[in-house]
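K.L.:
take this sequence and fold it.
(2 chains)
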There are 2 protein chains.
Amino acid sequence: MSAQKSYEELIKRIKEVSLLYSCEAVLGWDERTYMPRGGAGHRAEQLGLITGLAHEKFTDPRVGELLAELEQSDLVKDADSPEAVNIRETRYQYDKRTKLPKDLVEEITRVTTLAQGEWVTARKNSDFKHFLPWLEKVVKLQRDKADAYGYDTEPYSALLDDYEVGATTEEIVDVFTELRKELVELLEKVKGAPKRPDASIVTRDYDVELQRVFGESVAGSMGFSFNEGRLDITTHPFCTGIGPGDTRITTRYNPKRLNDALFGIMHEAGHGLYEMGINKKEYFGTPMGESTSLGIHESQSRMWENQVGRSRSFWVYFFPQAQRIFKESLGDVKLDDFYAAINEVKPSYIRVEADEATYNLHILLRFELERPLLTGELKPADAPGEWNSRFRKYFGIDVDKDSNGCLQDVHWSAGYIGYFPTYTLGNLYSAQFFARAKQDMPDLTKQFESGQFSGMREWLRKNIHLHGQRYRANRLVEKVTGKPLSHKPLIDYMNKKYSEIYGF
Amino acid sequence: MSAQKSYEELIKRIKEVSLLYSCEAVLGWDERTYMPRGGAGHRAEQLGLITGLAHEKFTDPRVGELLAELEQSDLVKDADSPEAVNIRETRYQYDKRTKLPKDLVEEITRVTTLAQGEWVTARKNSDFKHFLPWLEKVVKLQRDKADAYGYDTEPYSALLDDYEVGATTEEIVDVFTELRKELVELLEKVKGAPKRPDASIVTRDYDVELQRVFGESVAGSMGFSFNEGRLDITTHPFCTGIGPGDTRITTRYNPKRLNDALFGIMHEAGHGLYEMGINKKEYFGTPMGESTSLGIHESQSRMWENQVGRSRSFWVYFFPQAQRIFKESLGDVKLDDFYAAINEVKPSYIRVEADEATYNLHILLRFELERPLLTGELKPADAPGEWNSRFRKYFGIDVDKDSNGCLQDVHWSAGYIGYFPTYTLGNLYSAQFFARAKQDMPDLTKQFESGQFSGMREWLRKNIHLHGQRYRANRLVEKVTGKPLSHKPLIDYMNKKYSEIYGF
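P.N.:
Next comes the predicted model:
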């Protein structure tokens, strides 16, 4: 068989796997939006069958044979060609997925399903002891998983790689440490600053239906197409790229808070633009037709949410519109007061409610706990103490109870150890990309001020989206910005912004 | 291997097939409710994959082996036991599906996909000539399909069996002919009747949101559970039973017509109650956990829509509520005038808009064309002439154009020849069941008058729903009513109702 024929067979096989996962995406979207409660049990069976079939098809030995043959062919000569990329990334995932023993995968599923239930109880009662045996089990299984994958220097890298392909702990630890130091300093400056925003502005009455209309208008201006996408309501907002021409986002509305849904919609629409920007027409179902990492995905959402949505220039355009829509609550407000209000910095316990400046401290703290948890240097029983002492150091406040501390997130109970760093990577990438975009488009601020976002969007599409998985995250950052990952662009951006708002 | 083990393997296999089809049901529901337009192409690929996988798994030769073994075992001794039923009906479907050559199935799919597009154009321009070559192709392919299935007396039976398992043309043709004669007579009586309803009552202003609230209230009273179901909006209303605990119905609202959504919701909720009434918790994925035929399904929807929803006793309870909700339009209306208005009989061209009395004439006409089309006695080119002459005879009016005649329905272009009779079978079954229910519950009318529908619902559940496919339609009718299918109960019910309303 010619290499071309084998390549076609490989593509046909992995496209079928992707089609199955895209059916799973529809089932998952439906589960979280419209499925009646009574359908939960049956939905679990449907999802189990589809993921099982997809896994079976992807790990079929024939895929391995085809890969082995293709890796010797001319198709991989140009390492950045679509063919070479598809072969490289399929091999990577094939090896990972065939490395995990079936027993281990099943045990992880079993334990994390139970652990999530126990975590809900433990969080409700702020009872860490109740969760401890489950955390111990999860950590043990995640260590087994890391061992099965294999790793160079420490087990954490093996898990991180599940979410940020090709990233290693070594590579990010210095950047994260620098970032943490700078953020703690920044927070000190903010605390001692002479100016303070009046955040009560954004907690006035904001009619939910008007929030939806305004949010859709903003998402539309960003370029999120409602012919090829939807916005619905869920408890936990998300974005799902179902396939070519079908990308869906969700949000939740609070009638007393403008920020939640507004920046939530921009965040999810940022994810959505990435999904819409990938060349799925041509490459759906292959690595060239997929996003390159969770961190890069998060960079897209955070850039639209923060660098764009929380910029003054964005509101030069949108604030008059917001004033017309929310006349009662914003009619008497000055642009600069609104701008300060949406950028308030205020240390708080809960990660998902954190402001832009403190958010990464929440992540870094978790990263600093997860690594030693995995090596065994930190015992699960000591996690709350370690959490609370670091929290005191970074945020300057004492954790009052574990439900506001190490019990707040679902991740550990779900077995997602190694996931948290992708949030901070996303913020780092977004700042580094945005700094570069401003160099490439010196009038970007002016564009925002006149409601033009196509320049930004097309820059992202061309430099990031259209590549699919051609470049892994760290290489993409270097390709686009000319420099390796650094904490500086994010810190520079924050220092500039907050010194203006807080007057330090 | 013991028979029990083989049975378990068979059940496991067919449950997996059903799970796949239930994933298809979610994809189909989503396609018709919320999917963004841009997702249509991808959705077709998802559906193609899932149905292909399901077909492949169901027609796996191993299924045939297991069936052959089980048919020799003790498990089929009691022919009505769940095991025997599951083996019998699985065999029946297995034989049917393995009889069709792959080429023919693919050709039918290809031609009907194209034919449906051409039919849309032909109907828009009322241009039968444009559709004729496609009708010829479809009829030819359906004849090939009938030949592949095999049949006793005429090819039509083989196609009918796809929709009404076990039914034969011979069995229904006499009942249909009697029914047609009686209906034509009834229509004559109505036309010459002294009293005429004022149907303008139901074409006043009916706020869409209030229609929804009222419709959900009615469906809830019927016993449709919104914890285990939903009501959404689609262009073409339908009901889909996704699985245990998840049954969904849809409707469409016309702000100037009360009947469409109201009786539409009752109709679909009637289908929904059948799905909810089957013992899916125990039998999902097997014939015992599925409805027994399209005709029986239609009997459930039509009974709730007509025998219940268009009865005077139903409105004794609901009319005051409707008057409160639609005060402007119904406040000054008398119950009996409203009751007459919702029961107006008026010959019209379009089947889906037909009233209860003329509806079956539309079906019988199609049945009388489809049979000779299939044998070749009627040439597709002569279909419009035959249609129009019969229409004149039965309805007393001339068809003005083919888009109001033989081009109105999608069925032929989609290859659904043999489907139409299930609508009239449904109406016949519903009347026959209802007459029996009234014998079993002499106070049924009183129950309706006081808003009690649990008696009706539980009677249906016990006598029909819970059996799944234990009895095929014709046997079920005999089991429940003690008599074979007859046109009499329907005609008796109609003569009684319309003689009261029209005063003949």
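
K.L.:
any idea which element the nearest residue to A:Tyr94 once chain neighbours are set aside lies in?
P.N.:
Excluding the flanking residues, the one nearest A:Tyr94 by CB to CB, 6 or more residues apart in numbering or on different chains is A:Val63, at 5.8 Å. Bear in mind the C-beta positions are built from the backbone N, C-alpha and C, glycine included. Here A:Val63 sits within helix A:61-70, counting by DSSP states H and E.

K.L.:
dump whichever helix or strand comes after that helix to PDB, restricted to CA.
P.N.:
Helices and strands here follow DSSP H and E; after helix A:61-70, the next one along the chain is helix A:82-99. Backbone C-alpha positions of helix A:82-99 (Å, rounded to 0.1, in the frame of the first residue of the first chain) are rendered in PDB as follows:
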ATOM      1  CA  PRO A  82      -0.500  19.000   7.800                       C
ATOM      2  CA  GLU A  83       0.300  15.300   7.100                       C
ATOM      3  CA  ALA A  84       3.400  15.400   9.400                       C
ATOM      4  CA  VAL A  85       1.500  17.200  12.100                       C
ATOM      5  CA  ASN A  86      -1.400  14.800  11.900                       C
ATOM      6  CA  ILE A  87       0.900  11.800  12.100                       C
ATOM      7  CA  ARG A  88       3.000  13.300  14.900                       C
ATOM      8  CA  GLU A  89       0.100  14.200  17.200                       C
ATOM      9  CA  THR A  90      -1.900  11.000  16.500                       C
ATOM     10  CA  ARG A  91       1.200   9.000  17.500                       C
ATOM     11  CA  TYR A  92       1.500  11.100  20.600                       C
ATOM     12  CA  GLN A  93      -2.100  10.400  21.700                       C
ATOM     13  CA  TYR A  94      -2.000   6.800  20.500                       C
ATOM     14  CA  ASP A  95       1.000   6.100  22.700                       C
ATOM     15  CA  LYS A  96      -0.500   7.800  25.700                       C
ATOM     16  CA  ARG A  97      -3.800   6.100  25.400                       C
ATOM     17  CA  THR A  98      -2.300   2.700  24.800                       C
ATOM     18  CA  LYS A  99       0.000   3.100  27.800                       C
END
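
K.L.:
packing partners for helix A:82-99?
P.N.:
The contact analysis (3 or more CB pairs under 8 Å, 6 or more residues apart in numbering or on different chains; DSSP states H and E) places helix A:82-99 against helix A:3-33, helix A:40-58, helix A:61-70, helix A:128-149.

K.L.:
mind doing that once more with 7 Å?
P.N.:
If contacts are counted by 3 or more CB pairs under 7 Å, 6 or more residues apart in numbering or on different chains; DSSP states H and E, helix A:82-99 sits against helix A:3-33, helix A:61-70, helix A:128-149.

K.L.:
flag every buried residue along the second one.
P.N.:
What that stands for is helix A:61-70. By neighbour count with 16 or more other CB atoms under 10 Å in any protein chain shown, helix A:61-70 contains the buried residues A:Val63, A:Leu66, A:Leu67, A:Glu69, A:Leu70.

K.L.:
that one packs against which elements?
P.N.:
Contact here means 3+ CB pairs under 7 Å, 6+ apart; on that basis helix A:61-70 packs against helix A:3-33, helix A:82-99.
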